[in-house]
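[1] Predicted model and sequence follow; I will ask about them next.
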Amino acid sequence: MGNITLNKVSKSFGTTTIIPELDLEIEDGEFVVFVGPSGCGKSTLLRLIAGLEDTSAGKISIDGRDVTGEAPAKRRLAMVFQSYALYPHMTVYKNIAFPLKMAGEDAAVIDKKVKDAARVLNLTNYLERRPGQLSGGQRQRVAIGRAIVRQPSAFLFDEPLSNLDAALRGTMRLEISELHHQLKTTMIYVTHDQVEAMTMADKIVVLNAGNIEQVGSPMELYKTPKNLFVAGFIGSPRMNLINGAAAARHGATTIGVRPEHLGISTTAGEWKATVGVAEHLGSDTFLHVQAGDVGTLTVRADGELGVRHGETVYLTPSPNKIHRFGADGRAM
Amino acid sequence: MATRQTSTLARFMMAPSVILLFIWMIVPLAMTLWFSFQNYNLLNPANVSFAGLFNYKFFYTDPAFFQSIWNTLVLVVGVLLITVIGGIALALLLDQPMFGQGIVRILVISPFFVMPPVAALVWKNMIMHPGYGVFADFAKFFGAQPVDWFAQFPLFSIIIIVAWQWLPFATLILLTALQSLDGEQKEAAEMDGAGIVSRFIYLTIPHISRAVTVVILIQTIFLLGVYAEILVTTNGGPGYASTNLPFLIYRTALLGYDVGGASAGGIIAVILANIVAFFLMRAVGKNLDK
Amino acid sequence: MARAVSTRRKIGFTVAAWVVALLIFFPILYTIITSFKSETEAIAGFSLVPSGTLESYAEVQAQSNYFKFFLNSVIIAVGSTILALVVAVPAAWSMAFSPTKRTKDILMWMLSTKMMPAVAVLVPIYLIFRDTYLLDTRIGLTVMLMLINLPIVVWMLYTYFREIPGEILEAARMDGATLWGEIVYVLTPMAVPGIASTMLLNIILAWNEAFWTIRLTTTNAAPLTAFIASFSSPQGLFWAKLSAASTLAIAPILIMGWFSQRQLVRGLTFGAVK
């Protein structure tokens, strides 16, 4: 079981408030991602749940049990740290066995569980090595191994992939998702990378300055962002946000159009634009265009589109894909 | 890290160190200050009376006082000059590619581990002795009259000994600083057309300047208190020619049994040391913020 | 700087560095050589070749009970170091892992106690020792040296502990370790190298301390510093014997120093130069 409830939880250091009062419900077995720019309080929120920080007010319960004052060790949670936080003086085997040893498990049980975990994570051949002799991806797996052996009620991940290179990040993303499908345990995952959030999450919590901006499934956030912050944060490349006359014509202060929802033509369309840099990715082309008083726009076009720097194109937003925002920044 | 439980525990664990050091600092210092205003002689301990500023005046008017202050400064400055300049030169040399660098390093650092009385005795008897020292042997070999170092140049001889002890310290620290100079920075400067001399002036000097400051300050703290070297070699003489402030205080207290006078001298030494300490603390404190 | 250095340049630097290094090391080398000479050889003029006799060593032990001084040095240096570690490890631990706004001030203040000139407190310390019958006792000297070096020990340990990432200790906590488990299984094994080099440096400093060890002892607790200082009197002028005694006094610490030289810089500069 791994049902986590935050009730009016807040955190401040001295007079600085990091997290104003917030409520959050995490269902058992859910993969929840906390996402937001750096300094938005997502890591602090995770550490509050872990018990590594005291809450300033409010109540945290796990499976209905109030754990607000409990030490981290007693919460039955496992955590994977950004730096992996492996014990450098212990072998991989001992690293993975450590939580079991602390729980006073039998040596034979420990051995079986460590070897099972190592097999799942492809670490069997590395059990006698020390963390210093492993690659980044392998260290990551050891950290995960250490977390899964004790069968916690929930896993906490604190930006676990940010120290890996791009290719490895993609692989590990898949591995963690796969692990979640196998274990079906609650996972809370903190990242600043919206791609990780979109691809892995059942539920995304978008945080900004300690406030929850929106909670929802990846597609909900993509399709119906509640406000400008979420609209700008979720989606890659970023949504084009347009102010002024063009927005007023749609009866809004700001309108948002995703790059993939802009039709492109060389002959006619709603906005006339001059092509700037074109990024050819093969599958897609990202055009950065200058569209008069509408401003600079990013357009996602077909991969084999042959436009050049300085040419004129015409853009038309898909009518039912225009997001309209009022003066307060909220969706209308 | 900052849960209430751990921070309470932290305070509790810090207490022994803090309390011990507090007592160690405050009690003797307060006593010294108190004694410095008393007439108190160990030969006549029953007769203690308030002396006002007499001890300070006495110490101040003693011709040995000014000589000892002067000697203290000459000793500190002389040793600093030798060790800092020599240390930079040596560090630059040791930073070059060579065979047996490890052994060279060990040889150079060794004098630092020699206890002061041994260093002083070895120099006094084996090296500088007018009859049997190595210097005398060489002088005789070249047909010159051996120099009686401790009689003719007492303070200078002590400076040589102390500098020999501290040169390794300066060298080791400056070498460490030199080695932390980023290789890419040097290459960038080379690409920018800087020659060896300008690289030294614009890159190396600024880079090691903080280490030099630290060396000067830490050495000063220790050099202000040079004692064993004088005790073993010249015993402060001839006359007061090689008496520094610590040695004068020692003489007043344990040879003259004058507690009040020695305490007044002690307070003066504290003031001197504090001036240096102030700058050292700033240099170290800055580093703590990084 | 992966650049080929011409062998000629390298040989040039090698020669220069070895000459300078041997000059600096010469007083120590010559002392060691002289300790293997007889007294007549020792004053017979400059010579780097001793006859190899051990008579000076035998004489040092026979005449002065050298071993007693040596033992005092060991007891005082090691004792004060262990005592300092016992007090300093918890303090450094809490400052490194639960820093507060005042941690920096406390560290600086500890450092400032080190700035106090020894002579300034010679009189009160001497009187306190006299009145508590601690003069010329090993206990008194051990406590004294512990107090003198405590700030350095706290500082060195602090800089070492601070290099242990806090996340690792948090990981231990998440893994279900109690505070005790955290200290025994995680912190201590990771801190051992730092503690060891702190210990080494402190033993060196305590071994060579030459103010209090000379002033607060006469015979019973006198360590090697005091023993050697007693040679300054004219009747002690026996070159070979002096050399043997000096060699014995510095040898153990010289060897320890060679091993700890890399950690030395950090310890002696309070972490200001690494």
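    It's in. Numbers count the residues shown, from 1 in each chain, chains lettered A, B, ... in the order given.

[2] number of nearby residues for residue 44?
    Just so you know, I chose chain A. By other Cβ atoms under 10 Å in any protein chain shown, 19 other residues sit near A:Thr44. In short, each C-beta sits where N, CA and C put it, glycine included.

[3] that's the wrong chain, I wanted chain B
    Applying other Cβ under 10 Å, we find 10 residues neighbouring B:Asn44.

[4] Am I right that it falls within a helix?
    No: using DSSP: H, G, I helix; E, B strand; the rest coil, the secondary structure at B:Asn44 is coil, not a helix.

[5] okay, it: pLDDT?
    pLDDT, B:Asn44: 72.

[6] ditto for the one 5 residues further on
    On the pLDDT scale, B:Ser49 is placed at 72.

[7] Please name the bridge partners of it.
    Per DSSP bridges, the residues bridged to B:Ser49 are B:Asn39.

[8] how much space between it and B:Asn55?
    As judged by Cβ to Cβ, to the nearest Å, B:Ser49 and B:Asn55 stand 12 Å apart.

[9] Comparing the two, which shows the higher neighbour count?
    Comparing B:Ser49 with B:Asn55 by other Cβ under 10 Å, the one with more neighbours is B:Asn55, at 25 against 10.

[10] that older thread, what touches both of B:Ser49 and B:Asn55?
    Overlap of the contact sets of B:Ser49 and B:Asn55 (by Cβ atoms under 8 Å, 6 or more residues apart in numbering or on different chains) consists of B:38-39.

[11] which residues sit against stretch B:94-114?
    For stretch B:94-114, contacts defined as Cβ under 8 Å, 6+ apart pick out B:90, B:119, B:122, B:164-169, B:171-172, B:175, B:178-179, C:5, C:9-11, C:13-14, C:17-18, C:20-22, C:24-25, C:27-28, C:204, C:208, C:250, C:253-254, C:256-258, C:261, C:264.

[12] whoops, stretch C:170-190 was the one
    Outside stretch C:170-190, the residues within contact range by Cβ under 8 Å, 6+ apart are A:50-52, A:71-73, A:77-79, A:81, A:85-89, A:98-99, A:102-103, A:146, A:150, A:156, B:1, B:9, C:93, C:164, C:168-169.

[13] and that stretch, average pLDDT?
    Stretch C:170-190 carries an average pLDDT of 85.

[14] Stretch B:81-90 now?
    In the prediction, stretch B:81-90 has an average pLDDT of 93.

[15] residues touching B:Trp24, list them.
    C:113, C:147, C:150.

[16] quick check, it in a helix?
    Yes: B:Trp24 sits within a helix when classified using three-state DSSP.

[17] how close does it sit to B:Trp164?
    B:Trp24 sits 31 Å away from B:Trp164, taking Cβ to Cβ as the criterion.

[18] rewinding a little: mind checking which of the contacts of stretch C:170-190 are buried?
    The neighbour-count test (16 or more other Cβ atoms under 10 Å in any protein chain shown) marks A:50-52, A:71-73, A:77-79, A:81, A:85-87, A:89, A:98-99, A:102-103, A:146, A:150, A:156, B:1, B:9, C:93, C:164, C:168-169 as buried among the contacts of stretch C:170-190.

[19] Tell me which entries of the residues you listed lie within strands.
    Among the buried ones among the contacts of stretch C:170-190, the subset assigned to strands under DSSP state E consists of A:77-79, A:156.

[20] Among those residues, which one sits closest to chain C?
    Closest to chain C out of those is A:Met79 (4.4 Å), distances taken as Cβ to the nearest Cβ.

[21] That closest one bridge partners, please.
    Going by DSSP bridges, A:Met79 forms beta bridges with A:Leu156.

[22] Narrow the contacts of stretch B:94-114 to those that are buried.
    Those of those that meet the buried threshold are B:90, B:119, B:122, B:164-169, B:171-172, B:175, B:178, C:13-14, C:17-18, C:20-21, C:24-25, C:27-28, C:204, C:208, C:250, C:253-254, C:256-258, C:261, C:264, by 16+ other Cβ under 10 Å.

[23] Let me know the closest of the ones in strands among the buried ones among the contacts of stretch C:170-190 to chain B.
    Chain B lies nearest to A:Met79 out of those, by Cβ to the nearest Cβ, at 14.1 Å.

[24] So that closest one is in contact with A:Leu156, correct?
    Yes: using Cβ atoms under 8 Å, A:Met79 and A:Leu156 qualify as a contacting pair, with a distance of 4.3 Å.

[25] And the contacts of the lengthiest helix in chain A?
    Scanning chain A for the helix with the most residues, using DSSP state H, yields helix A:166-183. Applying Cβ under 8 Å, 6+ apart, the contact partners of helix A:166-183 are A:31, A:120, A:136-137, A:140-141, A:144, A:148, A:157, A:160-161, A:164, A:187, A:189, A:196, A:199-200.

[26] centroid residue for chain C?
    The structure's chain C has its C-alpha centroid closest to C:Ile204; by Cα atoms, centre = their mean the separation is 1.0 Å.

[27] need the contact list for that one.
    B:113, C:253, C:256-257, C:260.

[28] Redo the residues you listed as TSV? Include secondary structure.
    Compiled in TSV, these are given as follows (three-state DSSP):
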residue	secondary structure
B:Phe113	helix
C:Ile253	helix
C:Met256	helix
C:Gly257	helix
C:Ser260	helix
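
[29] hmm, back to that, show the subsequent helix or strand relative to the longest helix of chain A.
    Once the chain leaves helix A:166-183, the next helix or strand it forms, by DSSP states H and E, is strand A:186-191.

[30] So which helix or strand of the chain has the lowest pLDDT on average?
    Let's take chain A. Least confident helix or strand of chain A, by mean pLDDT, DSSP states H and E, is helix A:245-248 with a mean of 84.

[31] wrong one, chain C
    Among the helices and strands of chain C, helix C:39-42 carries the lowest confidence by mean pLDDT, DSSP H and E, at a mean of 75.

[32] hang on, the earlier thing: keep only those of the contacts of helix A:166-183 that are in helices.
    Under the assignment DSSP H, those contribute A:120, A:136-137, A:140-141, A:144, A:148, A:196, A:199-200 to helices.
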